[in-house]
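>>> Sequence plus the predicted model coming up.
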Amino acid sequence: MTATVLERWLEAALATPGITGIRDRAEARRVLLDDALRATDLFATLEGDAVDVGSGSGSPGLPLAWSLPDRRFTLLEAERRKCDFLENVTRDLVNAAVVWGRAEEQQTDTYGVALAKALAKPPVAAELCLPLVEPGGAVVLWLGPSADLSSVSAVAEQLGGAYEREERGLVVLRKISRTPPGFPRRPGMAKKRPLV
């Protein structure tokens, strides 16, 4: 996959109704591409196959799959039409697969890394991602400057994880033990009744 393919992906994201609310090409490059790629060095220090939870337009999973061709990425998306979009734009990307489904319905303790960017409020994103990661694996969350790290840490502890570090707005949660009984909760419960 060449950089030209990433340009075509950005064009398709802007042109396809319901994929992104962004309309400006420069903003799309900054938000969808550049912001995803700032995790490349951090991601390279983590091991295992990755899942991009709530992939939406394909960011951050698609740019990271392009920049790290030796790693396998699953783009997990609950909306069928977004999955159709992702399937079209990843045809030439051999290390990426698209899965239609919700995080709460996936097999637990499976991936080495889970990624979430603009999925939900940070504690909710942590609850949706941590069950997917195997012990020893990690979750990487893109967080804004006002995110409450103590809430994210508290959720991680309830799900067999722990806050590990923060680098330039990217928070790493480490999975310490297997997903405890009762998790994941039913679809929608994490947003409806957050743990913290």
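Received the coordinates, thanks.

>>> pLDDT below threshold where in this structure?
Residues of the chain meeting the criterion pLDDT under 70: 1-3.

>>> Would you map the helices across it?
Per DSSP state H, the chain carries helices over the ranges 3-15, 25-28, 35-37, 40-44, 61-67, 80-89, 122-129, 149-158, 189-192.

>>> To W142, which of these lies closest?
helix 35-37 (7.0 Å; Cβ to Cβ). (C-beta placed from N, C-alpha, C; glycine too.)

>>> quick revisit: for I176, find the nearest of the helices of the chain.
helix 149-158 (8.8 Å).

>>> Buried residues in that closest one, which are they?
For helix 149-158, the neighbour count (16 or more other Cβ atoms under 10 Å) marks 151-153, 155-156, 158 as buried.

>>> got the angle between that helix and helix 122-129?
Interaxial angle, helix 149-158 versus helix 122-129 (axes from the mean of the first three to the mean of the last three Cα atoms, to 10 degrees): 20 degrees.

>>> Which strands or helices does helix 149-158 pack on?
The helices and strands touching helix 149-158, judged by 3 or more Cβ pairs under 8 Å, 6 or more residues apart in numbering; DSSP states H and E, are helix 122-129, strand 161-167, strand 170-175.

>>> Please identify the most buried of the ones you listed.
Mean neighbour count (mean count of other Cβ atoms under 10 Å) peaks for helix 122-129 among the helices and strands packed on helix 149-158, with a mean of 27.
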